[in-house]
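Chemist: using only what follows, build the 3D model:
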Amino acid sequence: MILEVKNGYYGYTTDNLLQDISFTLGEKEIMTILGQNGIGKTTILKCVTGILKWRQGQTLINGQSMGSSREAQKQIPIGYVPQAHGLSFPYTVRELVIMGRARHIGLFSVPSKKDKIIVDQAIDEVGITSIRDKSCTQLSGGQLQLVFIARALASEPKVLVLDEPESHLDFRNQFIIINLIMRLVRERGLSCIMNTHYPEHALRMSHTTLLLGQNSYLFGRTKEIITEKRVEEYFGIKAKILPVPYKGEEIKAFVVLDNI
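Modeler: Model prediction:
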């Protein structure tokens, strides 16, 4: 186990949107969070990363409370990738990615040679070297999402937290992002928590899943959590989950049958 949330509660008003949330993330694991719009998926990520403070409960990193221990955050740094929205300022790709080095650069310092090497490596790793001098205001949604991932990688995280990274992208770009995340976990040894609207993406890529409902949730191994019965219960959709053999493995195909 690398990260744990224990008995987390959070609400924007006097009522709690999230109640008694608990889950664990292991080393080199991908965890997906699923649920309908407004159910609290993004809020969970903000509480995990410390952007928001749990009303009750805590996030633990290697057994230490992240909320009270700077040392815990240094041991297991978290890279956050927000939803990709257009930018107002015309930063170049390289300028935006180098912002990911902020916690490694002093307040009145400039990026060192090492910082610049790490930034260029992150840009190359996500495959956007050819556009590194281009203004981010001129990028497509898929390109901008890759820039945000590169910015998070430049911080040298051990946990990558992504908020719906494949949303608003076309079919091909969705799978470019999915395959990139899987490769980063495999090759960099990262752990990953990711919100998604797509149960089929969770089945394809994640080890564990947190399935959020109204005043309830389920957490466990993805193939045990995402079932036809639960898709109907939590999303109001009838679907079939079919096994498809591919390259010696079995991929789960998700087929929507009808709306309820």
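Chemist: make it CA atoms for all contacts and neighbour counts henceforth
Modeler: Will do.
Chemist: and the residue lying closest to residue 101 once chain neighbours are set aside, how many neighbours?
Modeler: Nearest non-adjacent residue to residue 101, counting by Cα to Cα, 6 or more residues apart in numbering: residue 155, 5.1 Å away. Residues lying near residue 155 (other Cα atoms under 10 Å) number 24.
Chemist: what of residue 200?
Modeler: By other Cα under 10 Å, 16 other residues sit near residue 200.
Chemist: now what about stretch 238-254, what contacts it?
Modeler: Outside of stretch 238-254, the residues within contact range by Cα atoms under 8 Å, 6 or more residues apart in numbering are 199-200, 203-204, 227-228, 231-232, 255-260.
Chemist: same question for stretch 138-147.
Modeler: Stretch 138-147 has contacts (Cα under 8 Å, 6+ apart) with 83-85, 93, 96-97, 123, 126, 128, 136, 165, 168-169, 173, 177.
Chemist: how distant is that stretch from the center of its chain?
Modeler: Distance of stretch 138-147 from the chain centroid (Cα atoms, centre = their mean, to the nearest Å) equals 17 Å.
Chemist: give me the element the residue lying closest to residue 20 once chain neighbours are set aside is part of.
Modeler: In this structure, residue 20 finds its nearest non-sequential neighbour in residue 7, 4.2 Å apart by Cα to Cα, 6+ apart. Following DSSP states H and E, the helix or strand that holds residue 7 is strand 3-10.
Chemist: please save the CA atoms from that strand in CSV.
Modeler: The C-alpha coordinates for strand 3-10 follow below in CSV (Å, rounded to 0.1, in the frame of the first residue of the first chain):
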residue,chain,number,x,y,z
LEU,A,3,-1.8,5.7,-0.3
GLU,A,4,-4.9,5.2,1.9
VAL,A,5,-8.1,7.2,2.5
LYS,A,6,-9.7,6.4,5.8
ASN,A,7,-13.3,7.4,6.7
GLY,A,8,-13.3,10.5,4.5
TYR,A,9,-16.2,13.0,4.8
TYR,A,10,-16.6,16.2,2.8
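Chemist: partner strands of it, with direction?
Modeler: strand 18-25 (antiparallel), strand 56-61 (antiparallel) (DSSP bridges).
Chemist: now residue 155: how far from residue 166?
Modeler: Shown here: residue 155 relative to residue 166, a distance of 21 Å by Cα to Cα, to the nearest Å.
Chemist: ok, residue 78 next?
Modeler: With Cα to Cα as the criterion, residue 78 and residue 166 are 20 Å apart.
Chemist: swap in residue 131?
Modeler: Plainly put, residue 131 is 20 Å away from residue 166 if you go by Cα to Cα.
Chemist: check this protein and tell me which residue is nearest its centre.
Modeler: Of all residues in the chain, the one closest to the mean position by Cα atoms, centre = their mean is residue 162, 2.1 Å from it.
Chemist: what's that residue in contact with, if anything?
Modeler: For residue 162, the contact set (Cα under 8 Å, 6+ apart) comprises 80, 81, 82, 83, 192, 193, 194, 195.
Chemist: by contact count, what packs against whichever strand or helix holds the fifth one?
Modeler: Here residue 192, judged by DSSP H and E, is contained in strand 191-195. On a contact count with 3 or more Cα pairs under 8 Å, 6 or more residues apart in numbering; DSSP states H and E, strand 191-195 meets strand 30-34, strand 159-163.
Chemist: more neighbours: which of residue 78 and residue 166?
Modeler: Per other Cα under 10 Å, whichever of residue 78 and residue 166 has more neighbours is residue 166, with 26 against 23.
Chemist: buried sites along stretch 181-200?
Modeler: 181-182, 184-185, 190-200 (16 or more other Cα atoms under 10 Å).
Chemist: check stretch 47-56 too.
Modeler: Buried, per 16+ other Cα under 10 Å, within stretch 47-56: 47, 48, 49, 53, 54.
Chemist: same question, stretch 125-133
Modeler: With burial defined by 16+ other Cα under 10 Å, the residues of stretch 125-133 counted as buried are 125, 126, 127, 128, 131, 132.
Chemist: sweet, I'm off.
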